[in-house]
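1. build me a model:
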Amino acid sequence: MMSEKEKCHRGELYDANNDAELIAERMKCKDLCHRYNQLLPSETGRREEIIARLFGKTGSRFLIEQPFFCDYGYNIEIGENFYANVNCVVLDEAKVTFGDNVFIAPNCGFYTAGHPFDVEQRNRGLEYARPITIGNNVWIGAQVCVLPGVTIGDDCVIGAGSVVCKDISAGSLAVGNPCRVIRKINC
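-> Predicted coordinates:
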């Protein structure tokens, strides 16, 4: 029989609310996030150590401002020269990949978890997870929300306040709710 974690990684409905393994992994992650968020901003070495321990992969140069929150940590990969401003939330039930030279403004969220429309399934605590991929050289404005399964291509700018629910092609300026490409960027 498949575990709830295996169901999650296969993109199937799974129960994250009552599975001891997933609950323990989230608790371990939340403890590390709490420690990270309590460090002095000047304790850059200790901050980098916690993020390296928490994430599945990091580049050698990154800065994640406090506070920062995630669910598992090991599903997050960041490239070189990564920056996330304050109040970044990554619900990483599925893999979340950020390329090189990604800059994230304050109060942004990246949410791989979703819930079924069927009320009985939802009330049983079932959910699904879809990966999020952010390309290289992407700037994400303040208060952007990126939803499950979205890919944002290389060299994009996502305008402040956008809700990104569909893929954004490379080299695009995209804004709004729902987020739409308004023009190509001449790089």
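
2. what are the boundaries of the helices in the chain?
-> 4-9, 20-38, 44-54, 119-123 (DSSP state H).

3. tell me the buried residues in the third one?
-> Spelled out, that is helix 44-54. Within helix 44-54, the residues scored as buried using 16 or more other Cβ atoms under 10 Å are 47-48, 50-51, 54. Where C-beta positions appear, they are placed from N, C-alpha and C, glycine not excepted.

4. go on, the second one?
-> Neighbour-count burial for helix 20-38 flags 22, 25-26, 29, 32-33, 36 (criterion: 16+ other Cβ under 10 Å).

5. which residues of this structure score low on pLDDT?
-> The model of the chain has pLDDT under 70 over residues 187.

6. 80 instead?
-> Applying pLDDT under 80 to the chain picks out residues 186-187.

7. how close does residue 4 sit to residue 67?
-> Residue 4 is 28 Å from residue 67, where distance means Cβ to Cβ, to the nearest Å.

8. more crowded one of the two?
-> residue 4 (20 against 14; other Cβ atoms under 10 Å).

9. what sits closest to that one if chain neighbours are left out?
-> residue 19 (4.0 Å; Cβ to Cβ, 6 or more residues apart in numbering).

10. touching, that neighbour and residue 6? I think so.
-> No: the criterion here is Cβ atoms under 8 Å, and residue 19 misses it with residue 6 at 10.8 Å.

11. tell me which of these two has more neighbours.
-> When residue 19 and residue 6 are compared for neighbours, residue 19 comes out ahead with 18 against 11, by other Cβ under 10 Å.

12. picking up where we left off before, ok, the buried residues of helix 44-54 vs residue 103, which is closest?
-> residue 51 (16.4 Å; Cβ to Cβ).

13. tell me how far the closest one lies from residue 12.
-> 30 Å.

14. then residue 185?
-> 37 Å.

15. then residue 71?
-> On the measure of Cβ to Cβ, residue 71 and residue 12 end up 18 Å apart.

16. so those two - more neighbours on which side?
-> residue 71 (23 against 13).
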